[in-house]
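> Sequence and predicted structure, then a few things I'm wondering about:
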Amino acid sequence: MKLMDFTLEALETPALTKAHLADLLFEQIGLNKRESKDMVEAFFDLIARSLIEGTDVKISGFGNFQIRVKAPRPGRNPRTGEAIPIGERRVATFHASAKLKEQIQGSAGDEGPQDVEWSLGTE
C-alpha cells in the first residue's frame with residue numbers, strides 16, 4: 001500500500017470534522033465529493049461496528065480504540081443525595097500511539113499549523 005501524505009492547513013473551526021476530512025480527500029486525492037463523503041462515513045462506520053462487536057481497532061502511528069467493561073458501582077443523585085446503583089457498562093477508550101504523543105509534545109511550543117503524516121495499518 002502506498003503511503004500518502006496529508007497536510008492539514010489552518011482549520012476554520014476548532015475541530016476537524018467529517019466534512020473537513022471529506023474535503024481533504026476531494027482536494028488532495030481527487031475523489032469526487034460523493035466518494036469522499038462515502039469513504040469517510042465508511043471508515044467511521046467500520047470503526048464503530050468493530051468496537052460494538054468488541055474488536056479493538058489499531059491505527060498504526062495514531063492509536064488504539066478499545067472497549068472496556070466498567071464494573072458496577074454505587075452512585076448518588078447530586079440533587080437529593082439518594083444512593084443509586086450504577087450498573088456494569090461498556091465504554092470506548094482511546095490510547096494515543098507513542099508516535100502521536102511525540103508529535104503532540106513536539107508541537108506544544110511551536111506556532112502555526114503542523115504537517116501531520118499518518119498511515120492506516122492492518123495490525
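Sure, I can see it. Residues are numbered from 1 along each chain as shown.
> For the rest of this, base every contact and every neighbour count on C-alpha atoms.
Fine.
> any weak-confidence spans in the protein?
For the chain, applying pLDDT under 70 flags the ranges 1-13, 108-123.
> longest helix in it, by residue count?
Criterion DSSP state H: the longest helix present in the chain is helix 33-52.
> Return the list of helices and strands in contact with whatever helix or strand comes next after that helix.
Using DSSP states H and E, the next helix or strand after helix 33-52 towards the C-terminus is strand 57-59. If you count contacts as 3 or more Cα pairs under 8 Å, 6 or more residues apart in numbering; DSSP states H and E, strand 57-59 packs onto helix 33-52, strand 63-70.
> Please identify which of these is closest to L100.
strand 63-70 (7.5 Å; Cα to Cα).
> Any idea how far the closest one is from the middle of the chain?
Averaging C-alpha positions (Cα atoms, centre = their mean, to the nearest Å) puts strand 63-70 12 Å from its chain's average.
> For the nearest residue to M39 once chain neighbours are set aside, give me its contacts.
Nearest residue to M39 in three dimensions, chain neighbours excluded: A22, at 7.8 Å (Cα to Cα, 6 or more residues apart in numbering). Contacts for A22 (Cα atoms under 8 Å, 6 or more residues apart in numbering) come out as 33, 36-37, 39-40.
> now do the same end-to-end measure for stretch 56-70.
The first and final residues of stretch 56-70 sit 16 Å from each other (Cα to Cα, to the nearest Å).
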